[in-house]
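Trainee: give me a model of this one.
(chains A and B)
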Amino acid sequence: MFKPLPDRRDRTVTVTIEGRSVTVPEGQTVAAAVLAADLDSCRTTAVSGSPRAPYCMMGLCFDCLMEVDGVPNTQACLTEVRDGMTIRRQQGARKVTP
Amino acid sequence: MKTYDAAVVGGGLVGAALAYGLARRGLSTAVVDEGDVAYRASRGNFGLVWVQGKGLDFTPYADWTRASAEAWAGFARELLELTGVDVAHRQPGGLEICVTEKDYAERADELARLAEQTEGRFEYEMLDARALAELVSGASEALAGAAFCPHDGHANPLSLLRALHQGLALSGGTYLPEGPVTEVRSEGASFALVTRGGVISAGRVVLAAGLGSTALAPALGLAAPLRPNRGQILVTERVAPFLNFPTLDLRQTAEGSLQLGGTHEDVDYDDGATGAAMTAIAKRAVTAFPFLRSVRVVRGWGALRIMTPDGAPIYDVSERHPGAYLAACHSGVTLAAVHAERLAAWIAGADPLPEVRPFSARRFHVQAAA
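Mentor: Residues are numbered from 1 along each chain as shown, chains lettered A, B, ... in the order given. From the prediction side, this is the model:
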């Protein structure tokens, strides 16, 4: 659905999105990488469990929460991709363990 | 000129609950509200329905608070049935965490006195560190313990404000966002309220404008000796339910967010937020529940409590101008159930409500007490 604009940056990094290895331009956000990878949703909500995708892309709507390198509820639109990064959907509410 | 049986000045939790109750009793009722420029304690509220500790050395306040907590479940059901708004009321009992042995001893002493003064009507239990850890997993072993009160609970204050306003509208009430009311004066058998939208006439007038009531009260022969007291609150990301009991400064909302709060600051009318207070709030939460260290804070704010000299509500009817009433308190959520039911019945003239007499502002006048 989303296609990247022609980008003069030729450097790329490789990340893993839901187990799939994806090569993306350096400097991109995780949310942009996830959209370009055609992931149908990035999380399910904490209350009703309904699927969501990145929306505002500027850190306000909190709809792009994902698990990035094991850190839950990370705002994907405010996080830059890094080589070797592991990106997974946020499944419902974050669990905190007493 | 718009004419009503009753006009309520202030559309926060206190004013909306009273107006809702008056409209339910068949009075044509208008709420005159200042709108979003108001200080609006109701939008900064922590959301506790809290009984423990309130009314020490002032038993009528202890009994009034407990009566509201007991009426709350039915009140929430009534609002849900009428408006479809679920205010997320839960009453599992509540905890006040005691960090040090000194805190614990002081709390135990206070609550023992409160139970004695109320002849056992106020119920509580002191939990030592082990009992607390058994009740709430994740509580720090370094804590001294906690006070548990089965009357305590919590609700969503924003949903409550919305439900009251919807309930008012569905009961035939009128919302007039035409405040601030700059003047209220007695005109024979009725009252005239001067607003931005013109003059409103009402047979009864209720000042429920929070801190704004202070300036309006004297012309009606009433007194509202109120001061702002700032509280700051932090909200975290939503996490899976783990905390079954609200505490005085930490509760988990129905949606999973944690609310952390509890500052008491005398900073006049500054309702801002400060780094120092936010740090202190976060530290207190992590002291009680160390595993919360990794949980993210996503929002924070300051809001002004409406504080009376002794912390208890002021309810008054004017001697000079019968029909003019005042209601002021910092417990708009806790007391919403008795405000909508019993206090509204008193203002409507349907109930003499002798329990309300001790709450007159005359208790602050040295001569009246002598």
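Trainee: report the closest residue of chain A relative to chain B.
Mentor: Nearest residue of chain A to chain B: A:Pro98, at 2.5 Å (C-beta to the nearest C-beta). Where you see a C-beta, it was placed from the backbone N, CA and C, and this is true even at glycine.
Trainee: now do the contacts for the residue nearest to that residue when sequence neighbours are not counted.
Mentor: Excluding the flanking residues, the one nearest A:Pro98 by C-beta to C-beta, 6 or more residues apart in numbering or on different chains is B:Gly138, at 2.5 Å. Residues in contact with B:Gly138, defined by C-beta atoms under 8 Å, 6 or more residues apart in numbering or on different chains, are A:98, B:242, B:289-291.
Trainee: assign the residue of chain A closest to chain B to helix, strand or coil.
Mentor: Look at A:Pro98: counting by DSSP: H, G, I helix; E, B strand; the rest coil, its state is coil.
Trainee: surely it is in contact with B:Leu292?
Mentor: No - A:Pro98 is not in contact with B:Leu292 according to C-beta atoms under 8 Å; the separation is 9.1 Å.
Trainee: which one of the two is surrounded by more residues?
Mentor: Neighbour tally, A:Pro98 and B:Leu292, criterion other C-beta atoms under 10 Å in any protein chain shown: the higher count belongs to B:Leu292, 21 against 13.
Trainee: you'd agree that one is up against B:Val286?
Mentor: Yes - using C-beta under 8 Å, B:Leu292 is in contact with B:Val286, at 5.6 Å.
Trainee: so which of the contacts of B:Gly138 comes closest to B:Leu260?
Mentor: B:Phe289 (10.0 Å; C-beta to C-beta).
Trainee: nearest residue to residue 34 other than its sequence neighbours?
Mentor: In the absence of a named chain, this looks at chain A. Excluding its sequence neighbours, the residue lying closest to A:Val34 (C-beta to C-beta, 6+ apart) is A:Cys42, at 5.4 Å.
Trainee: hmm, no, I was thinking of chain B.
Mentor: Here the residue nearest B:Glu34, using C-beta to C-beta, 6+ apart, is B:Gly179, at 3.8 Å.
Trainee: how is the one you found assigned, secondary-structure-wise?
Mentor: Following three-state DSSP, we place B:Gly179 in the coil state.
Trainee: next up, phi/psi of it, please.
Mentor: Note on B:Gly179: its backbone torsions stand at phi -70, psi 180 [degrees, to the nearest 10].
Trainee: neighbours of it, how many?
Mentor: Neighbourhood size, B:Gly179 [other C-beta under 10 Å]: 22.
Trainee: touching, it and B:Arg196? I think so.
Mentor: Yes - here B:Gly179 reaches B:Arg196: they are 7.0 Å apart, a contact under C-beta under 8 Å.
Trainee: now for B:Ala337, how many residues are close by?
Mentor: 25.
Trainee: that one in helix, strand or coil?
Mentor: Counting by three-state DSSP, the backbone at B:Ala337 sits in helix.
Trainee: give me every residue that touches it.
Mentor: If a contact means C-beta under 8 Å, 6+ apart, then B:Ala337 has B:68-69, B:71-72, B:74-75 as its contacts.
Trainee: so, low pLDDT: which residues of chain A?
Mentor: Along chain A, the model assigns pLDDT under 70 to residues A:7-9.
Trainee: show me the helices in chain A, by range?
Mentor: A:30-36 (DSSP state H).
Trainee: nearest residue to residue 16 other than its sequence neighbours?
Mentor: In the absence of a named chain, this looks at chain A. A:Thr86 is the one closest to A:Thr16 (C-beta to C-beta, 6+ apart), at 4.9 Å.
Trainee: was after chain B, sorry
Mentor: B:Leu164 is the one closest to B:Ala16 (C-beta to C-beta, 6+ apart), at 3.8 Å.
Trainee: where's that neighbour relative to B:Val85, distance?
Mentor: From B:Leu164 across to B:Val85, the span is 9 Å (C-beta to C-beta, to the nearest Å).
Trainee: distance check, the residue of chain B at minimum distance from chain A against B:Ala328.
Mentor: Here chain B gets closest to chain A at one residue, B:Gly138, 2.5 Å apart by C-beta to the nearest C-beta. Between B:Gly138 and B:Ala328 the computed distance is 38 Å (C-beta to C-beta).
Trainee: kindly report the same for B:Phe289.
Mentor: Using C-beta to C-beta, B:Phe289 is found at 35 Å from B:Ala328.
Trainee: what does chain A put close to chain B?
Mentor: Within chain A, the positions adjacent to chain B are A:46-47, A:62, A:65, A:73, A:92-98 by C-beta under 8 Å from any C-beta of the partner chain.
Trainee: can you flag the buried ones in those?
Mentor: A:46, A:62, A:65, A:73, A:92-94, A:96 (16 or more other C-beta atoms under 10 Å in any protein chain shown).
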